[in-house]
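> Generate coordinates for the sequence data below:
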Amino acid sequence: MVVVAVLVAGMSSTAHADDLPNRDKMLHLLNQIRRSHDLPALRLNAELSHDAWLHSKRMADRNQLFHTYNLYDTVRAYSPSMWGENVGKARFLTRVRTLWMHSSGHRANILKARYRRIGVGVVKARGSVWVTAIFYSG
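Next up is the predicted model:
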């Protein structure tokens, strides 16, 4: 099963290392929501997070939200039984989280109990944060 969702609100990109604190903050924000729904925390997959970051950078460079062309190719190395992707853009990470929680597809990805792992990529560009979250079971 694949679930994909896109959302927008509302250039030069910083280096990947500069984006790691935002990646960690986004993971924390998502896990806060999961805890409040008695779900286990998502565990970060650093390799997949790099793929998510590359996707966020592509979106920021093009100034356009879009999904990973073939998400299964991105996640298949982890042998998932299900996977999904959220992408979003807003001025602040907390706003991305709020927008995702008010969208049924995004919310479903965040609250899917079978998802246990995640890759998160965040890029700051043009006064916004561009976020890719790739969820999977495994």
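
> Can you mark which positions in the helix or strand where K57 lies are buried?
Per DSSP states H and E, K57 falls inside helix 46-62. By 16 or more other CB atoms under 10 Å, the buried positions in helix 46-62 come out as 48-49, 51-60. Yep, even glycine has a C-beta here, placed from its N, CA and C like the rest.

> so can I have TSV of these showing distance to H67?
TSV is the format used below for those (distance: CB to CB, whole Å):
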residue	distance to H67
L48	15
S49	17
D51	13
A52	12
W53	15
L54	13
H55	8
S56	12
K57	15
R58	11
M59	10
A60	15
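
> how about low-confidence regions in the chain?
Residue ranges of the chain with pLDDT under 70: 1-15.

> any chance you could map the helices in it?
For the chain, the helices defined by DSSP state H occupy 16-36, 46-62, 71-75, 93-101, 104-111.

> Identify all contacting residues around the helix holding K57.
11, 13, 16, 19, 23, 65-66, 68, 74-75, 78, 87, 89, 117-123, 125-126, 128, 130-134, 136 (CB atoms under 8 Å, 6 or more residues apart in numbering).

> Please flag which of the residues you listed sit within strands.
If you go by DSSP state E, the contacts of helix 46-62 have 87, 89, 117-123, 125, 128, 130-134, 136 in strands.

> Kindly present the helices of the chain as TSV, with separate columns for distance to M82.
Shown next, in TSV, are those (distance: least, CB to CB, whole Å):
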stretch	distance to M82
helix 16-36	16
helix 46-62	15
helix 71-75	10
helix 93-101	18
helix 104-111	10
